Each structure stands twice: as structure tokens, then as C-alpha cells.
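>>> quick one: sequence plus predicted model below, questions after.
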2 protein chains.
Amino acid sequence: MREETNPEDVEGMRAADGILTARGGMTSHAALVARGWGKCCIVGCDAVKINLEETSVTTDSYGKKKVNVSESNTVIIAGKTFHEGDLLSLNGSKGWVYDEEVKMINATENPLFQQFMKMVDKYRKMGVRTNADNPIDAQKAIDFGAEGIGLFRIEHMFYGENSEVPLEKLRNMILAETLDARVAALAELEPYVRESAKGTLKVMDGKPLTFRLMDPPLHEFVPQSEEKQREVAKARGIDFDKLHARIESLHEVNPMMGLRGVRLGIIYPEITEMQFRALFSATVELMKEGMHPMLEIMVPLTINAAELKHQKALADRVKKEVEAKYGVNFEYKFGTMIEIPRAALVANQIAEVAEFFSFGTNDLTQMTFGFSRDDVNAIVKTYVDEKIIPADPFHNFDTECVGELVKIGIERGRATRPVLKCGVCGEHGGDPTAAEFFYKAGMNYVSCSPFRVPVARLAAAQAAIKEARENK
Amino acid sequence: MREETNPEDVEGMRAADGILTARGGMTSHAALVARGWGKCCIVGCDAVKINLEETSVTTDSYGKKKVNVSESNTVIIAGKTFHEGDLLSLNGSKGWVYDEEVKMINATENPLFQQFMKMVDKYRKMGVRTNADNPIDAQKAIDFGAEGIGLFRIEHMFYGENSEVPLEKLRNMILAETLDARVAALAELEPYVRESAKGTLKVMDGKPLTFRLMDPPLHEFVPQSEEKQREVAKARGIDFDKLHARIESLHEVNPMMGLRGVRLGIIYPEITEMQFRALFSATVELMKEGMHPMLEIMVPLTINAAELKHQKALADRVKKEVEAKYGVNFEYKFGTMIEIPRAALVANQIAEVAEFFSFGTNDLTQMTFGFSRDDVNAIVKTYVDEKIIPADPFHNFDTECVGELVKIGIERGRATRPVLKCGVCGEHGGDPTAAEFFYKAGMNYVSCSPFRVPVARLAAAQAAIKEARENK
């Protein structure tokens, strides 16, 4: 329980089974973190007043469904006082707080839930995939009914626990000042990427897995403070001034619209080549083990067909090399993100090369609104308060304009390639209010975080039922 | 003469009558600076090899139209050796270098030029305005035939010479932490804005003048280094830590898509209010002097109609207050920039409030491509070299996609308001290759820097003649 949470509370939130805050709304820190983790959370319960010095909570009476309160330094619910260590139960869907431990069951083991989801899938037409970058999340998503991975961010291989070694190698790649140095760094990264890809491809055996080529904010992978830079220079036995100059040269005024995505792969084709080689090798090695990897690779930040042709030529060459090396032929799908407005407008040309589109609605929202997600939180709050916009477009999909670009992208893409597979990745993929829009726009699937998969399945079924009724 | 220029050469370039570089293309530093200043410039004349230590130039022989060279430490043109102080003449349109002083005449005093431009205007249908932020540039543009100002950037009042006092006051506004402090800073700025506006309105008497509400990158107006911040804190008698914290709070990851334009005016309505009051007062005071100011005000970075309604309500109130104070009623036009993709898509709604649209093709190009103009120079160079894109979209307007958004904006805007006046400001307004596109799209005018006005007039005439021929 907290007045509201901030990043310093994250470890406590991780340890908690549920989170209850006195302030905040659907875009507050607690809500965002909890949603990502699939953790039960109630925010903005304004009856809660926390006295941190006393490590206790007080609340006011709001009837059956709300928390009752009497005096400070205690929590009183329906006449009952709670202290640290006492048990409450939360229903995050309804925003209900119970004054006792309510008996619960794991959703994936709940027969009623399973029965309900079976019914849901009977009506559902749109596919549901997940965004996952490791075997654990992939397995979790399958348990929740995901039919594939719509977004595996290769650079995420280098995050999280036990990532120190590969992160250091990735730094070598970024800081390399010559082609030779970069190629050497990439050669060290390749087996790591291959093995990491194999790990998740195994879990997803027989189900499609879309890898997005690396789209890392380069400067985030290098130390920013002088102190840290001196440490890294010393550890690597290189000159601080040289390291500092290279890091400075990576600085961008607006990194969101700078050297990212496919641009990186065109300026440094060797970076894409390594990824193709690692993913193709992973696929062939699994095939030799008798498995059925369904590899899909997509190019991020595309603005036109020429970029894709450039990368596809590279992929074609590497594919032949890998097939020759292993003596095994294989299939895979080559596609692209549609996340820049320009890409939606020339989707007819892009579909000449791309076999599938994945709409990156986060970036598409950023560019369509001119809203930097990192910077406009306060602006969006004022805009919603002043009724300038109905909701935060990063949470509630803007069907009006970002939606128009999505529709244009699908229509033009399918004008060239009628069977073009289209999906959504990014947080809007799990937004139930957007599901109907995506379904009507003709999406083949939405892809969302593992815990949102059941919600996305239900929303997709509801959209199909609604359409069937409207067509009656 | 330079191998190529960089910002350190700017004062030398300012002093020069012409600029000749050995390297570079149309987007190189020398070309950009010279174009802005209307100065004659030839770049990428690869015969030129400069020995800086000897302050001399060598070139190779390329026949009549090119520079001849024999030995180092001298310039030889058609058998003639040049040293520092010797005279060459340049024809920037043709890229010709002459080995002598060619007699020249000021274009605005050239009777043949005047006669030609009269002929041009006989055929021209699209208007030509200028981008100018002070009386001197405004007069220059009128001499070149500009019919109005399409873009007066209010924050430019605080740039350039003699701007120390107002810049300090602007800083007060930006650094203010309370509404009271901001209102006090604005009160000090208001007379300065009013007088500055009057100066240019006087020059433009009887011609339309479009002011764009302030759209400053806030962080650029405050000192970034600790040393400078300590100086400013001391000079202002405030606590360094407080100043530093306020400046840090202004930092944005992607300032291009952050707190800018109308967002500033919605978060801090008092900033817009000051501008409305200053511009309205300037207008009424000039009317009282018997002049005919044609005031137009436009809102930058708009994403929907609600933003405009918010600002228009403010304008309506201030207008009544100013009219009551001076006892004079006045007219002005209220419009908006269309520079964010979203604005083009909801142009039908925006036109319910806006009386005119000015397409900001620079920002529209940035958002449509996801290209940060500050960061993608090297990327664009590689993209052009690799034939991924045909040209730098910041110089050659992208008629395909940015153009499609412009067309959508005009069509939807006029569906609501058939007489909606539409123009282009930004560098593409002076791009002769884009003139035909803008004319066919239905633009009422283009607006460009003063020195590009004659070129824009000619290009507009050519577009009209071409259309007349096609319709025959």
C-alpha cells in the first residue's frame, strides 16, 4: 500500500502479491508496472490515507464495496482494524477491497476459466500472439493461450539478469570505430544471439515467432557519466579521451528519430548480417534436431521499399550461405514493422518485398501526434484534464488518426499482396477497447504482453460477435 | 575559398561577397548558409585544393567554364595566377568561375530583371510571401516582390544583435517557477513584443503579416554548462541549486516532440495571452496612426481542433479587452500551422476554427519520415548514396508522402471551409522543384526567405503556364 508508487518502490512491488494506492489513474506508475507484470493492482482508492512514519493505513467508509476507516495508524474495513502483516484481498478488475483472505486459484488451473476461454475461442476469429523475448515469458504466454510471438526484440537478449557478458560484447560493437573492430565484436555476439534465439524457438516449436531486428537506442548502452566512462575505459584498456569522443559522437538531439532500426542496418549492414546468420543457423540447427521452428524476421522503422530490398538482398545471400553450410534448406517469412507514417502511405510498394506487416502503434502514435513518449506525460495529463484529448493515446489507441494510417497501411498493402498477414504489436495490441477497431480493420492478429493474452482473446471474440450481430 | 566550411567560418562567410568550396553538395554547410543569406556560392568545385598554411588555392584545368591550375600556392585560371586579394567572379546559378572581375548590377535595380519579373507576374497565379522576423528582412522581401509575410517567428525577436535585454527577460519567463513570477516576466516582455511587431507591421502596411505564436525550444534559451549556470545564478541573485534544478526539469529526451508550440500555450495560457495582447495592441495603435495593418496569427504544432478552440477563446477575450481599452474595433485572421501528421488527417475539424492553414513542411517531413533534422544528416547522405531515397527530403520536397498529407490537409480543410486560405512556410516554400506540386495541390501562396522570392515567383509562373498547356 502506498499513497502512490515511484521507481524506488519497484522492488517492494515485485515482492508484493497485490498493490493498492490512494492516488493515481490508469496511467500512473503503479498501474503501468502492475499491468506489465500481470499483477493485481487497485489505484486511486482515495479512501486510503497512509501514515508512513507509523507504517499503517487509514481509510474512510464507502459501503460494501469500499474500504472502511475509523482512526489513524490503523486500517479498518467493515469495522475491522488492520495492521502491517494483516491480510486484505483485492479484486483488480472491479476495484474491490475485501477485509479478509479470499480463497483464490491460479487462473491457468481454474476449470471455469478454461471452459470460458474455450467458449471465447469458438467465436474468436482474430489471432492472439504475445510479445516475449525469452523462453520463460514465451511459456507463460502459451499457457495463457498465445498462438505465437508477434514481437521478440533482439536487443532484449542483452537486458536483465546474467546479461553482463553479452552487454559488454554489445558495447564493443557500438563503440567500434572501424569495420574490422565491429565485425570482430559481431562475431563474438553471433553465438550468443543464436543460442538465445534457439531457446525461445524451442518453446514456440510449431508456432510462429517474429524476431524484430535490433532497434536499440545506442546511447543507452554506453555509460553516460565521466566517472563510469573512466571505469569502462580502464577495464577495457583503452584511452578515456577516445572512448569519450566515440560516446559523444553517438549523442543525438532527438534519438527517437535518429540512428535506429533499419537505418542502423543500412549504415552498418554487418550488424544485420550477423542477426540473419544467427537466426538462420538457430532455425536450421533446430530442424536438424527434428523440431519445426517457424521463423519470421521483421525490419523496424521502415520508411520505404528500398530499405527492405537492401536488407532482403543481404538476407537472401546469408540464407544461401547457411543452407550450404548445414546442407539443409529452410523457409522463413520476411516482413516489416509499419511504425512511421510514411511507411503506411507507401504500403503498396513495401508489400512488394514484405510478406507481413506488424504495426508498431507506439512509434506510430509518437510520430502521428508529434508526442515523445518520454517527454509528454505532463502535457498529456493536462490535455486530458482540459478535455483537449479524450485519453492518453499511448494507452487508448487513437482510432481516428493513428487508426486511419493503420487502415491505409492494410488497404494499400493488400492491394499489392492480397494475402498479406497484418498484426499489431505494442501495448495497444492488448488494449481491449482497440480490439474491435483492429478486427474491423482486418488484422490477422494482435500481439501483447503474456498476461494480457486472455483479455485480448476475449476482446477479439467480443468484436467478432458484435460484427456478426451487426451483419444480421 | 575553403575546402569546405564549418560554423567557425561563418564570420568570414558573412564578410565575403561570394563563397567557393572544393567539397560539398547542395546540403553542405556552405550551401545552406549562403542560400539563407542569398549569397552567391559554388560548392564541390573539386579542382580547388587549398593549402591553408600558405593561404592559397590550387585548381586543375577544366576548360572554359572551370578553374585552371598549375602549381601549388597559387590559383591559375586560364593561364593566370591568383594570390590572396586577386579577383575572381562567380556565377552561382551555373557553377561558373570567371578569371576576372565581371561587371555586375544590383538585381532590384536591373531593368531587364524588373521587366522579366513583370512578365512572370502576368502568368503567375499562386501568391509569394516571405519568411521574415524584422523590418529589414521584410523590406528586402518587398523589394524582391513579396506580397506578404507568411512566417514571422515571434521567438526570433529575441535572437540576434541587441537582444541581450529581451533574452534575459525571456529567460525569466522560462525559469519562472510560479504563475506570479511568470506573469511578472511576461508583463516585462509584452511592450517589447508589441514594439517589435509594430516595426514590421509598419513596413508591411496593407500587406498580410502572419505571426506564429512562440515555438521556442525552451532548453536552448537557458545556459547548459554548470559554469554558465553559476554565472547566471549569481547575476540574478538566485540560488544555483534552484536554478540548476529548474533547468534540469526542462530537459527533454526528444525536444522536437516535447513541450513546444501550442502545448506551451495550453500548459501556460498566460504566455499566449501576452502575445495576443501585444499583437492586438500593436495593430490598434497603428490603426490609430492611420495605417492598415493586416494581422494574422497562427498556432504552431496543432494536433486537433480542441487545441485551437482553447487558444481562440483566449484570443476572443483579449481582443475584447484591447478593443475596450483603445476604443477601436479591429479585424484579424486566426489560423494554424499544419505540421504534425495528425493535423492533416483531422483538417476538416481544424478548419471549423482556423481561417487559414500554413503547412510547416519542415516538421511535417520530420514526423512523416521519423527523421530528426538535427541527427540524420549522415544517414540521409548514405541513403542518397545508396539510392534508398532520391534526395534529402528537407531540401527536395517529398511529394509522394509528405505531399499526400498536404493534399489531404487541403482537401479536408476546404470540405469544411471552401474559402480556406492555404500556404506553405518552411524552406520547401522556396524550392522551385516543389512549386508545381504546391500549385496543383491548391496552395494560395508559398512563403520563403527574402532572397528566394524571385525564384518562387518564377517557379509559380512556370507551374501556371505548364498547367494551362496541359489543359489545352
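Looks like it came in fine.
>>> and residue A:297, what helix or strand is that in?
Here residue A:297 sits within strand A:294-299, counting by DSSP states H and E.
>>> is that strand anywhere near chain B?
No. If you take Cβ under 8 Å from any Cβ of the partner chain as the test, strand A:294-299 misses chain B, and the best it gets is 12.5 Å. C-beta here means a position set from N, CA and C on the backbone, and glycine is covered the same way.
>>> what's the angle between the very next helix or strand once past that strand and strand A:294-299?
Reading on from strand A:294-299 to the C-terminus, the next helix or strand found by DSSP H and E is helix A:305-326. Interaxial angle of helix A:305-326 relative to strand A:294-299 (axes from the mean of the first three to the mean of the last three Cα atoms, to 10 degrees): 140 degrees.
>>> now do helix A:305-326: everything it contacts.
Helix A:305-326 is contacted from outside by A:213, A:262, A:265-266, A:269, A:272-273, A:276-277, A:280-281, A:284-285, A:288, A:297, A:299, A:302, A:329-330, A:332, A:334, A:336, A:346, A:349-350, A:352-354, B:386-389, using Cβ atoms under 8 Å, 6 or more residues apart in numbering or on different chains.
>>> against which helices or strands is the strand holding residue A:297 packed?
strand A:208-212, helix A:261-267, helix A:269-288, helix A:305-326, strand A:333-338, strand A:356-360 (3 or more Cβ pairs under 8 Å, 6 or more residues apart in numbering or on different chains; DSSP states H and E).
>>> low-confidence ranges, the stretch 51-200 of chain A, go.
When residues are selected by pLDDT under 70, those of the stretch 51-200 of chain A lie in A:51-81, A:160-165.
>>> for chain B, what's its nearest residue on it.
Here the stretch 51-200 of chain A gets closest to chain B at one residue, residue A:179, 14.1 Å apart by Cβ to the nearest Cβ.
>>> touching, that residue and residue A:270? I think so.
Yes. With contacts counted by Cβ atoms under 8 Å, residue A:179 reaches residue A:270, the gap being 7.0 Å.
>>> which neighbours do these two share?
With Cβ under 8 Å, 6+ apart as the test, residue A:179 and residue A:270 reach no residue in common.
>>> neighbour count for the two, which is higher?
Set side by side, residue A:179 and residue A:270 show more neighbours around residue A:270, with 16 against 10, by other Cβ atoms under 10 Å in any protein chain shown.
>>> count of residues packed around residue A:396?
Number of residues near residue A:396 (other Cβ under 10 Å) recorded here: 17.
>>> and residue A:105, helix, strand or coil?
Three-state assignment for residue A:105 (DSSP: H, G, I helix; E, B strand; the rest coil): coil.
>>> how many other residues sit next to it?
When neighbours are counted by other Cβ under 10 Å, residue A:105 comes out with 10.
>>> again, but for residue A:125
Residues contacting residue A:125 under the criterion other Cβ under 10 Å number 13.
>>> show the contacting residues for it.
Applying Cβ under 8 Å, 6+ apart to residue A:125 gives the contacts A:439, A:460, A:464.
>>> dump those to TSV, plus neighbour count, pLDDT and distance to chain B.
Output for the contacts of residue A:125, formatted as TSV (neighbours: other Cβ atoms under 10 Å in any protein chain shown; pLDDT from 0 to 100; distance: Cβ to the nearest Cβ, whole Å):
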residue	neighbour count	pLDDT	distance to chain B
A:439	21	96	22
A:460	26	96	26
A:464	19	95	28
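>>> JSON lines for those residues, including secondary structure?
Converted to JSON lines, these look like this (three-state DSSP):
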{"residue": "A:439", "secondary structure": "helix"}
{"residue": "A:460", "secondary structure": "helix"}
{"residue": "A:464", "secondary structure": "helix"}
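>>> residue A:374 and chain B: what is the separation?
Here the criterion is Cβ to the nearest Cβ, to the nearest Å. By it, residue A:374 lies 4 Å from chain B.
>>> now that residue: closest residue in space that isn't a chain neighbour?
residue B:253 (3.9 Å; Cβ to Cβ, 6 or more residues apart in numbering or on different chains).
>>> wait, a helix at the one you found?
No. Counting by three-state DSSP, residue B:253 is not found in a helix; it is coil.
>>> who touches the helix ranked longest in chain A?
Taking DSSP state H as the criterion, chain A has its longest helix at helix A:179-203. When contacts are defined by Cβ under 8 Å, 6+ apart, helix A:179-203 is touched by residues A:132-135, A:138-139, A:142, A:149, A:152, A:154, A:157, A:165-166, A:169-170, A:172-173, A:176, A:209, A:211, A:268, A:270-271, A:273-275, A:277-279, A:281-283, A:285-286, A:291, A:293, A:295.
>>> now list the buried members of those residues.
A:132-135, A:138-139, A:142, A:149, A:152, A:154, A:157, A:166, A:169-170, A:172-173, A:176, A:209, A:211, A:268, A:270-271, A:273-275, A:277-279, A:281-283, A:285-286, A:293, A:295 (16 or more other Cβ atoms under 10 Å in any protein chain shown).
>>> helices of the stretch 301-450 of chain A, start to end?
A:305-326, A:341-345, A:347-350, A:361-369, A:377-385, A:402-416, A:432-441 (DSSP state H, counting those that start in this stretch).
>>> typed the wrong thing, it's the stretch 101-250 of chain A
Secondary structure of the stretch 101-250 of chain A (DSSP H, counting those that start in this stretch): helices located at A:111-123, A:135-143, A:164-175, A:179-203, A:226-236, A:240-249.
>>> and the closest residue to residue A:231 other than its chain neighbours, what is it in contact with?
In space, and not counting its chain neighbours, residue A:231 is closest to residue A:223: 7.3 Å by Cβ to Cβ, 6+ apart. By Cβ under 8 Å, 6+ apart, the residues touching residue A:223 are A:229, A:231, A:232, A:247.
>>> residues contacting the last one?
The one in question is residue A:247. By Cβ under 8 Å, 6+ apart, the neighbours of residue A:247 are A:175, A:219, A:222, A:223, A:224, A:229.
>>> and the residues you listed, which is the shakiest by pLDDT?
Lowest pLDDT within the contacts of residue A:247 is found at residue A:219 (74).
>>> so how many other residues sit close to that residue?
Residue A:219 has 16 neighbouring residues, counting by other Cβ under 10 Å.
>>> what's the distance between it and residue A:259?
Remark: distance between residue A:219 and residue A:259 (Cβ to Cβ, to the nearest Å) = 9 Å.
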